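Below is the sequence, then the predicted model.
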Amino acid sequence: MNRLPLLFFIFLIPGLVQSCATLRRDVMRKDPLIGTIIDTRTSSPMDFDTLIKRITACDVIYLSEKHDNPDHHAMQQRVIKSLIEGGLTPLIGFEFFSMEDTPDLLNFIDSGKVSHSKGLTKIIESDLRKKLGWDTQPDEMWAYYYDLLTLARDNRLEAAGIDLPETLKKRITRKGINGITPIEKEQVFSTSPPDQAYKDYMFSIFKAVHCGMQHEQMQAKLYDTWLARNDKMALSITRLKQHHKGPLVVIIGGGHTEYGLGLINRVSAIDPNLSQINFAFREISTAPADLSEYIAPLDLEGYEKTPPADYLFFTQRVSYEDPCEEFRKTMQRMKKPAGN
């Protein structure tokens, strides 16, 4: 077996499954789309207040982010605050926390019922971070989600995790769905499996994320993890809606909702009566591009042609660096004979 591709997949799995990498915002390209909200069905710009009016009546509102972009998290805050000001009580669901984490999230929200000193508040935050397994993650990334939890606490909003437990995700990624034990499989909810066209599409995404490298066995395990996560999150969303009358706002990576596939498709499979809207945040491309390129629908056999989201909000990029360039250099160095 060629160990270099295998090692490459192993080291990049966390970035694919969690997309947590934090990059410098080192170069700024001006673009007229930055700060603009686009209705992808009409290709027309719209103002923020109109957007809020349109999404208010929906059961599930996806705020689809690039995890390390601060502008995306700022817009999430703005949307949730606007819903609250409109008299709604949204429940906030988080991709980055599991359903099993929900009691810890709710305990944190309950802590807001009593005023605390600055020191005690810091202790409460540190304790929550450790319980959620985020004490080893970068402070900047933790702050994005802690700020959203603080917003929920200060406004007496419920919050819930919707994903699989972190260890189980890693187990499926390492062993595949057929390699985990029966007791673990009992924790995995499964809807009807997608067809071959969707599988081929996701394999092409995995290949692109891994800079064009392909390792079929590892891709199959990543696909198992992808399906298990989307099915679990879809189940969590439908269950949460059974117990909450207001809108469910889902904080999630854009890959899970793009083109109405992945999570959105699975929620519809479980409960077709739930109304879902995807407000996605999109970084501008590294080079200037027409709006038509951003909103072009996906042409996938057996699926309706739909744009990447219902509404797009364009932001500056975190980085203009090519993440594959450094990898290529590393690979070249690893291939050089010793002593050269």
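Alright, I've got the coordinates.

quick one: the host helix or strand of Phe97 to chain centroid distance?
Phe97 belongs to strand 91-98 when assigned by DSSP states H and E. Relative to its chain's centre, strand 91-98 lies at 10 Å (Cα atoms, centre = their mean, to the nearest Å).

Beyond that strand, next helix or strand please.
helix 102-110.

And that next one, what's buried?
Buried residues in helix 102-110, counted by 16 or more other Cβ atoms under 10 Å: 102, 104-105, 108-109. (C-beta placed from N, C-alpha, C; glycine too.)

And for stretch 240-248?
240-241, 244, 247-248.

Report the two of those separated the most.
Leu240 and Pro247 (10.9 Å; Cβ to Cβ).

Now for these two: what residues contact both?
Counting by Cβ atoms under 8 Å, 6 or more residues apart in numbering, the contacts common to Leu240 and Pro247 are Leu91.

Next, Ile80: secondary structure please.
helix (DSSP: H, G, I helix; E, B strand; the rest coil).

on that earlier part again, buried residues, the strand holding Phe97. List them.
Buried-residue list, strand 91-98, by 16+ other Cβ under 10 Å: 91-98.

Just the strands from the stretch 151-300 of the chain, written as ranges.
159-163, 248-253, 276-283 (DSSP state E, counting those that start in this stretch).

Parallel or antiparallel, list what pairs with the second one.
For strand 248-253, the paired strands and their directions (DSSP bridges) are strand 60-65 (parallel), strand 91-98 (parallel).

Show me what it is in contact with.
So strand 248-253 is contacted by 19, 59-67, 76, 79-80, 83, 90-96, 145, 148, 162, 233, 237, 240-241, 263 (Cβ under 8 Å, 6+ apart).

likewise the first one?
Applying Cβ under 8 Å, 6+ apart, the contact partners of strand 159-163 are 91-102, 105-106, 109, 149, 152, 169, 229, 232-233, 236-237, 240, 250.

continuing past the lowest-mean-pLDDT helix or strand in the chain, what's the next helix or strand?
When the helices and strands of the chain are compared on mean pLDDT, DSSP states H and E, helix 3-18 comes out lowest with a mean of 38. Using DSSP H and E, the next helix or strand after helix 3-18 towards the C-terminus is strand 37-39.

partners of that next one, with directions?
Strand 37-39 has these strand partners (DSSP bridges): strand 44-46 (antiparallel), strand 311-315 (antiparallel).

Can you get me a residue count around the closest residue to Phe206 other than its chain neighbours?
Leaving aside its chain neighbours, Phe206 sits nearest to Gln219 (4.9 Å; criterion: Cβ to Cβ, 6 or more residues apart in numbering). A count of nearby residues for Gln219, using other Cβ atoms under 10 Å, gives 21.

cool, and the one 4 residues further on?
Other residues near Tyr223 number 19, with proximity taken as other Cβ under 10 Å.

I'd guessed it sits against Ser204; true?
No. Tyr223 is not in contact with Ser204 according to Cβ atoms under 8 Å; the separation is 11.4 Å.

Can you classify the residue lying closest to Asp195 once chain neighbours are set aside as helix, strand or coil?
Spatially, and ignoring its direct neighbours in sequence, Asp195 is nearest to Gly302 (5.9 Å; Cβ to Cβ, 6+ apart). Classification of Gly302 using three-state DSSP returns coil.

Quick check: Gly302 vs Tyr198, distance?
8 Å (Cβ to Cβ, to the nearest Å).

Centre-most residue in this structure?
Gly253 (1.6 Å; Cα atoms, centre = their mean).
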